[in-house]
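S.K.: The amino acid sequence is not available; the structure is as follows:
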């Protein structure tokens with residue numbers, strides 16, 4: 001039976017490692033192998049909840065979907081969720097172990113190595129091939145001694161490594177050459193090839209440079225991957241999605257960007273609707289009378305609440321809903337829309353209490369125990385305003401990831417009822433403000449279509465039927481195939497299989 005690993009490292013963060021790993025997962029699966037993704041340590045505010053209620057990085061979920069398998073927390077045993085410029089919440093095997101500053105975290109290295117080894121061993125035993133993703137750059141020479149995710153892991157596993165550079169940001173030849181040059185000999189010996197990602201144009205123009213680069217580094221350039229526009233989950237907030245976009249006519253949805261934005265992938269499904277313009281804004285001056293305004297989740301809810309208040313968002317939100325707009329809060333944004341947030345144990349920061357924006361009848365107390373679970377629910381709320389299309393018992397699925405416990409007023413109007421009977425969410429008396437803890441709510445395309453149709457009716461726009469995709473997952477499956485087809489066409493897979501040491505007879 002064929003058995004092996006391949007690791008993708010990058011010259012910097014956000015050079016496309018996550019998507020290329022997903023592409024390899026899909027390609028190997030198409031070629032008949034059992035394949036699993038692995039990233040020992042991930043720093044991201046986009047996370048997901050597994051079937052057994054454990055939290056992991058969203059990028060490895062995407063890669064698991066591409067591989068055609070259920071996401072397992074072993075694919076991302078360590079998740080760091082930044083809470084400030086100097087510290088992060090540390091999640092080990094899906095459970096938070098508390099907040100730590102960088103220097104304190106370094107002392108955990110010896111404790112974490114057995115966790116990483118055990119997680120990898122489980123995936124390796126269950127798979128033919130494991131696709132491993134690094135983090136940032138392996139040339140951060142100040143971090144080499146305590147590295148858990150780049151060359152430190154490659155040495156530990158003796159895994160061959162491919163180095164990825166992003167030509168779209170410029171300087172790709174210097175980045176690839178410089179990264180390789182900064183590696184020590186035992187690390188450089190694990191490098192097997194180079195990949196240039198996000199190229200726009202005619203590859204023939206690159207050929208002289210590719211030959212010289214290969215000669216200088218002593219490694220083959222295994223592929224030049226063209227720039228692709230895909231609707232798949234991004235790794236973190238260093239993404240083109242958060243840049244403003246325009247050009248569509250119809251509905252407008254704007255999302256406020258707090259400093260510690262979490263789970264912006266919640267809104268990706270809105271991009272499937274041709275008449276919806278989705279844009280992300282930071283300042284009240286960028287608010288452009290959207291049909292719906294969303295306040296998303298945050299990893300430092302009180303800190304971001306204070307930041308947004310200082311930036312003038314409290315007045316802007318009240319003016320927006322008074323003018324007739326629909327305001328939605330999700331998770332941390334939901335908490336901010338309430339009357340008060342308390343953090344007596346300093347779970348997320350050092351501010352013990354702050355008034356919310358006062359737009360929903362609820363208050364929240366942060367607790368050290370984190371709620372992470374998948375849920376099924378039925379939409380409850382009815383009115384003749386924004387939600388006039390929301391009739392019938394529409395079932396939805398989503399997941400919760402939050403630290404707070406929210407207390408509602410007795411007369412609170414809930415949005416959902418969970419399968420176990422608990423009511424969730426809240427809506428203001430005038431129906432202009434609503435909020436929920438449910439991440440992934442827009443993945444429910446029928447529910448989303450009905451919500452958008454309510455907005456269309458208010459604008460005098462024609463309502464629309466359901467999308468041609470039966471589910472958001474069905475749409476993503478086609479995107480994974482499109483990604484794999486493009487990478488397969490532009491990557492030397494024969495060489496990749498040689499590097500992994502898959503014998504000719506085992507190649508499907």
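M.R.: Done, it's in. What you are looking at is a predicted structure, and each value in this text was computed from that prediction instead of being measured. Residues are numbered from 1 along each chain as shown.
S.K.: Tell me which other helices or strands the lowest-mean-pLDDT helix or strand in the chain touches.
M.R.: Using mean pLDDT, DSSP states H and E, the weakest-scoring helix or strand in the chain turns out to be helix 102-106, at a mean of 84. In terms of contacts (3 or more CB pairs under 8 Å, 6 or more residues apart in numbering; DSSP states H and E), helix 102-106 is packed against strand 87-92. C-beta coordinates here come from the backbone N, C-alpha and C atoms, glycine included.
S.K.: Need the residues that contact the strand it packs on.
M.R.: 43, 47, 55-56, 77-83, 96-102, 105, 108, 112, 115, 299 (CB atoms under 8 Å, 6 or more residues apart in numbering).
S.K.: Those, buried ones only, as a ChimeraX selection?
M.R.: This is the ChimeraX syntax for the buried subset of those, where burial follows 16 or more other CB atoms under 10 Å:
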select :43,47,55,56,77,78,79,80,81,82,83,96,99,100,105,108,112,115,299
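S.K.: Which of the contacts of strand 87-92 fall in helices?
M.R.: Those of those mapping onto helices are 102, 105, 112, 115, per DSSP state H.
S.K.: could you redo those residues as TSV and give each row distance to residue 383?
M.R.: Putting the ones in helices among the contacts of strand 87-92 into TSV (distance: CB to CB, whole Å) gives the following:
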residue	distance to residue 383
102	49
105	48
112	50
115	49
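S.K.: what about stretch 443-456, distance to the chain center?
M.R.: 22 Å (CA atoms, centre = their mean, to the nearest Å).
S.K.: How about stretch 193-208?
M.R.: For stretch 193-208, the distance to the chain centre is 28 Å (CA atoms, centre = their mean).
S.K.: so for it, what's the average pLDDT?
M.R.: Stretch 193-208 carries an average pLDDT of 94.
S.K.: now do stretch 408-426
M.R.: Here the average pLDDT along stretch 408-426 is 84.
S.K.: How about stretch 377-386?
M.R.: 84.
S.K.: Go ahead and name everything in contact with it.
M.R.: So stretch 377-386 is in contact with 326, 387, 390-391, 393-398, 413-419, 423-425, 427, 431-432, 434, 438, 447, 451, 454-455, 458, going by CB under 8 Å, 6+ apart.
S.K.: again, only using 6 Å
M.R.: With contact meaning CB atoms under 6 Å, 6 or more residues apart in numbering, stretch 377-386 is reached by 326, 387, 390, 393-396, 414-418, 427, 431, 454.
S.K.: wait, residue 40 sits on residue 151?
M.R.: No: look at residue 40 against residue 151 with CB atoms under 6 Å: they stay out of range, at 12.0 Å.
S.K.: The two: who's more crowded?
M.R.: residue 40 (27 against 24; other CB atoms under 10 Å).
S.K.: ok, the helix or strand residue 255 falls within: who's next to it in the sheet?
M.R.: Per DSSP states H and E, residue 255 falls inside strand 251-256. Sheet pairing for strand 251-256, assigned by DSSP bridges, gives strand 276-281 (parallel), strand 292-295 (parallel).
S.K.: any idea how far the very next helix or strand once past that strand is from the chain center?
M.R.: Using DSSP H and E, the helix or strand that follows strand 251-256 in sequence is strand 261-262. Between the centre of strand 261-262 and the centre of its chain there are 9 Å (CA atoms, centre = their mean).
S.K.: hmm, who's touching strand 261-262?
M.R.: Counting by CB under 6 Å, 6+ apart, 45, 237, 297-299 sit against strand 261-262.
S.K.: Nearest to residue 217 among those?
M.R.: Nearest to residue 217 among the contacts of strand 261-262 is residue 237, at 31.3 Å by CB to CB.
S.K.: Tell me the secondary structure at the residue nearest to residue 349 when sequence neighbours are not counted.
M.R.: Excluding the flanking residues, the one nearest residue 349 by CB to CB, 6 or more residues apart in numbering is residue 303, at 4.9 Å. The three-state label given to residue 303 by DSSP: H, G, I helix; E, B strand; the rest coil is helix.
S.K.: Quick one: work out the angle between the lengthiest strand in the chain and strand 87-92.
M.R.: In the chain, with assignment by DSSP state E, the single longest strand is strand 362-379. For strand 362-379 against strand 87-92, the angle by axes from the mean of the first three to the mean of the last three CA atoms, to 10 degrees is 40 degrees.
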